[in-house]
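**Student:** just to be clear, the model below is a prediction. Sequence and coordinates:
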Amino acid sequence: MKQLRNNVIRAGLGALYITGAHNLLRPMFAGVGSIFMLHHVRPPRDAAFQPNRHLEVAPEFLRAMLGHLRSHDVDIITMDELYRRLTERDFSRRFACFTFDDGYRDNRDFALPVMREFEAPFTVYAASDFAEGVGRLWWIALEMVIARTSSIEAGVAGLTARLDTSTLAAKGAAFNRLHDWLRGLRGGGDLQREASALCARYGVDETAISRDLCMSWDELKSFAQDPLIGIGAHTITHCSLARQSKEIAGQEMAVSRQRIEAALQKPVLHLAYPYGDKFAAAAREFTMAQAAGFKTAVTTRPGMIFPESAGHLTALPRVSLNGNYQDIRILPVLTSGAATAMWNGFRRIDAA
C-alpha cells in the first residue's frame, strides 16, 4: 500500500511538472514562503532494503534545491526571522526555511558544507535522549532487525505473528505492518517495550543506534557555534505527544528545552513535534507549545506559509524533501505550492 501511495505521489508530481499546472496554481498557493523538512543528508546507501529511504536525501539534491531558490531570488532565513516576518506582516520578499529533525551527525558532515556554499541558515531540532546516547530510534532498529532475518516473530495486537522476511518484497511488507502497529500503540512506553523486545530477540543493540547516528551534546555544542545553525527542541524521547497524557506531553516539551539550553547555553525558542502528523500533534499540543513559550512549532503536515499562518505559529506546516522523490524536475513543483494544495484539498491552512 505504501509503495502504491509513493507511486501515485511520484506520478502526481510528474504530471504537475509535465502539464505545467503548477505554474497556474502558483499565484494562489505558493504563499509567502515555505519551511522545508529534512532528516538525513548523506550519500546514497547501497543496501537493497531501505524502508526508511524517504528520510534521507543526497547532498546533491539539497544543493539543487538551494540553487533553485537562489536563482529565483528567494530569501533563505532563520526560524527567528520567519517569526519576525509573520508577526510584523513583512511579506515584501519570498522566503524559505530549512529544518532538520532528530540531530543526526550527517547534518554536520554532509548538510552543513552544502548550506555553507549558499550561506544558508538552518535549524536542527534535537531530541535530547538522542544527544544523551540513550534514545531509541525504533524505526531504524526495526529496519535492522528485518534486514538480518528470514522470518520475524512479533506480538501484533495481542497475537503472536510470524512474518515472512525472506525476500525483499516480504521484508517491505513486514516492515510496513510492524511500523504501523508500533506507531499505533497508545503510549510511548508501549511502543518502546515492544520495539525493545524485538531488538533483544534478534540481537540489535538499539541504544547504539543513537550513539552511531546522532550528535552528542559535545558535538551539538560545537556544531551550534556556527552562525548558520540554530538548535530547536524535538522532545526528550521522540514520542507521539498526542498519545501522551497532558502532564507527560508537557514534560517532553519543557524538559527537552531545558536540557538543550543547559547543554548549549543558548535559548531554545522553536519546537518540532515528533512524527508531526494530525495523529501526533493537534489542537491540544499547539496550545501547549504556545503556553510553554515556544515562538514557533512545526508539524509534518504538508503546506506552504501564508499570511494567515501568523495566527497559527505553533501549527506551522512544512514541505518534505523526501528521499523517494529526488528528481530536480519537481523542484519548481514543490515551491509552487501546487502539490501541497492538492494534498490539502486546496485549503491554505490546516491547523485543526
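**Tutor:** Right, received. Where do you want to start? Numbers count the residues shown, from 1 in each chain.
**Student:** how much space between the closest residue to residue 51 other than its chain neighbours and residue 169?
**Tutor:** Excluding its sequence neighbours, the residue lying closest to residue 51 (C-beta to C-beta, 6 or more residues apart in numbering) is residue 175, at 4.3 Å. The way it works is simple: take the backbone N, C-alpha and C, and place the C-beta from them, glycine included. Relative to residue 169, residue 175 is positioned 11 Å away (C-beta to C-beta, to the nearest Å).
**Student:** next: residue 196.
**Tutor:** From residue 196 across to residue 169, the span is 27 Å (C-beta to C-beta).
**Student:** those two: which has the busier surroundings?
**Tutor:** Between residue 196 and residue 169, counted using other C-beta atoms under 10 Å, residue 196 has the larger neighbour count: 16 against 10.
**Student:** wait, doesn't the more buried one sit right on residue 206?
**Tutor:** Yes. Between residue 196 and residue 206 there is a contact under C-beta atoms under 8 Å: 6.3 Å.
**Student:** where do the contact lists of these two overlap?
**Tutor:** Shared contacts of residue 196 and residue 206, defined by C-beta atoms under 8 Å, 6 or more residues apart in numbering, comprise residue 136.
**Student:** that older thread, residues near the residue nearest to residue 51, how many?
**Tutor:** Considering only other C-beta under 10 Å, residue 175 is surrounded by 23 other residues.
**Student:** try the one 5 residues further on
**Tutor:** Per other C-beta under 10 Å, the neighbour tally for residue 180 reads 12.
**Student:** downstream neighbour of the helix or strand where it lies in the secondary structure list?
**Tutor:** Under the criterion of DSSP states H and E, residue 180 resides in helix 168-184. Reading on from helix 168-184 to the C-terminus, the next helix or strand found by DSSP H and E is helix 188-202.
**Student:** same for that following helix, what does it pack against?
**Tutor:** Counting contacts by 3 or more C-beta pairs under 8 Å, 6 or more residues apart in numbering; DSSP states H and E, helix 188-202 packs against helix 138-147, strand 151-156, helix 168-184, helix 206-213.
**Student:** report the angle between the third one and helix 188-202.
**Tutor:** Comparing the axes of helix 168-184 and helix 188-202 via axes from the mean of the first three to the mean of the last three C-alpha atoms, to 10 degrees yields an angle of 150 degrees.
**Student:** next one: the last one
**Tutor:** When the same axes, to 10 degrees is applied, the directions of helix 206-213 and helix 188-202 differ by 90 degrees.
**Student:** thinking residue 213 is in contact with residue 139, fair?
**Tutor:** No. At 11.7 Å, residue 213 does not count as touching residue 139 under the criterion of C-beta under 8 Å.
**Student:** which stretches of the stretch 151-300 of the chain have low pLDDT?
**Tutor:** Residues of the stretch 151-300 of the chain meeting the criterion pLDDT under 70: 156-159, 187-188.
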